[in-house]
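> Build me a structure from this.
(one chain, ligands or ions: 2)
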Amino acid sequence: MLSPADYHMHTPLCRHAEGEPVEYARRAVELGLPEIGFSDHSPMARDDFDNWRMFDRQLDEYVAKVRLAQETFPQLTIRLGLEVDYLPGQEDWIRQLAQRHPWDYFIGSVHYVSDSWDIDNPAKLSEWKKRDAFEVWAAYFERLAQAARSGLFEIIGHADLPKKFGIRPAQDCRPLYEKFVAAAAEAGCAMELNTAGLRKECREIYPCPELLELAWERKIPITFGSDAHAPGEVGLNFSEAVALARRVGYTETRRFHRRQHESLPI
Ligand SMILES: [Zn+2]
Ligand SMILES: [Zn+2]
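Ligands and ions are numbered 1, 2, ... in the order given. Purely as a prediction, here's the structure:
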């Protein structure tokens with residue numbers, strides 16, 4: 001059985017990843033992956049918004065790097081995507097980004113629960129101590145549902161990111177998951193199985209099995225992503241992710257070309 005595509009990979013332009021797209025592609029060929037896609041952190045309208053994404057003026061350079069990988073490895077299908085931060089009010093900016101290149105897909109991710117707190121940023125870990133964990137999770141999942149409803153994204157990224165550092169609320173989070181999954185089902189967007197969680201303190205794929213089961217019940221399509229920030233992370237732990245998807249009931253994954261989708265067996 002062929003491995004699913006790895007649709008979540010970064011480049012050095014985001015200032016916290018290493019290795020050129022050609023190196024990620026070379027690794028994918030070594031592993032025998034049939035398809036990959038780059039989805040580096042999208043620029044914001046303001047370049048000083050934070051320090052972990054490409055500048056707006058680098059967007060063309062990003063696309064050129066991906067095109068070079070495509071030309072270097074014609075035997076490998078390489079898609080052009082972006083991991084786009086969803087913040088309420090950014091919709092017009094995201095629509096502008098969509099116009100600028102012939103993207104294959106956008107991954108919509110929530111990292112910010114306010115304009116100033118990116119909850120997965122290790123430099124801001126102390127913020128977690130100032131807040132009630134359940135309130136953070138609730139605010140996060142409310143935004144994630146908004147991201148799904150926005151219709152701007154083909155895929156929702158790392159759906160339960162707030163667990164990254166292993167800080168979990170005592171309360172039952174199922175109602176939060178249910179609201180998000182209902183929004184994703186209505187909007188028809190897919191959700192990724194992101195193996196980076198296995199490399200973080202939470203030691204678990206994003207999303208957790210409970211959230212994935214709810215997604216399966218609502219027939220939410222899935223994709224797979226390593227969230228590689230270095231060539232050595234391409235396709236990492238994909239066999240575990242595929243096993244989890246199958247255990248829950250999934251038999252298919254979604255692939256994208258020019259923002260149109262089709263299904264492939266896993
Ligand atoms: Zn990153
Ligand atoms: Zn992310």
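
> ok, Glu18 to Ala230 distance?
According to C-beta to C-beta, to the nearest Å, Glu18 stands 5 Å off from Ala230. The C-beta positions use only the backbone N, C-alpha and C, and glycine is treated the same way.

> Looking at those two, which one has more neighbours?
Each of Glu18 and Ala230 has its neighbours counted (other C-beta atoms under 10 Å); Ala230 has more, 16 against 12.

> so the more buried one touches Gly19, yeah?
Yes. Under the contact definition of C-beta atoms under 8 Å, Ala230 touches Gly19, with a separation of 5.4 Å.

> Quick one: neighbours of His111, just the number.
His111: 22 surrounding residues under other C-beta under 10 Å.

> you'd agree it is up against Lys124?
No. Between His111 and Lys124 no contact is recorded; they are 10.6 Å apart, counting by C-beta under 8 Å.

> Show me the helices in the chain, by range?
21-31, 59-72, 91-100, 126-130, 133-149, 174-187, 209-217, 238-248 (DSSP state H).

> Kindly reformat the ones you listed as JSON lines containing distance to Lys200.
What follows is the helices of the chain, written out as JSON lines (distance: least, C-beta to C-beta, whole Å):
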{"stretch": "helix 21-31", "distance to Lys200": "20"}
{"stretch": "helix 59-72", "distance to Lys200": "25"}
{"stretch": "helix 91-100", "distance to Lys200": "26"}
{"stretch": "helix 126-130", "distance to Lys200": "14"}
{"stretch": "helix 133-149", "distance to Lys200": "16"}
{"stretch": "helix 174-187", "distance to Lys200": "19"}
{"stretch": "helix 209-217", "distance to Lys200": "16"}
{"stretch": "helix 238-248", "distance to Lys200": "15"}
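
> between those helices, which one is nearest to Arg203?
Among the helices of the chain, the nearest to Arg203 by C-beta to C-beta is helix 238-248 (11.5 Å).

> CA atoms only for the closest one - export them in PDB, please.
This file holds the C-alpha atoms of helix 238-248, laid out as PDB (Å, rounded to 0.1, in the frame of the first residue of the first chain):
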ATOM      1  CA  PHE A 238       3.100   8.000   8.900                       C
ATOM      2  CA  SER A 239       2.600   4.300   9.500                       C
ATOM      3  CA  GLU A 240       1.200   5.200  13.000                       C
ATOM      4  CA  ALA A 241      -1.000   7.900  11.500                       C
ATOM      5  CA  VAL A 242      -2.400   5.600   8.900                       C
ATOM      6  CA  ALA A 243      -3.000   2.800  11.500                       C
ATOM      7  CA  LEU A 244      -4.900   5.300  13.600                       C
ATOM      8  CA  ALA A 245      -7.000   6.500  10.700                       C
ATOM      9  CA  ARG A 246      -7.800   2.900   9.700                       C
ATOM     10  CA  ARG A 247      -8.600   1.900  13.300                       C
ATOM     11  CA  VAL A 248     -11.200   4.700  13.500                       C
END
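
> on contacts alone, who are the packing partners of that helix?
strand 190-194, helix 209-217, strand 222-225 (3 or more C-beta pairs under 8 Å, 6 or more residues apart in numbering; DSSP states H and E).
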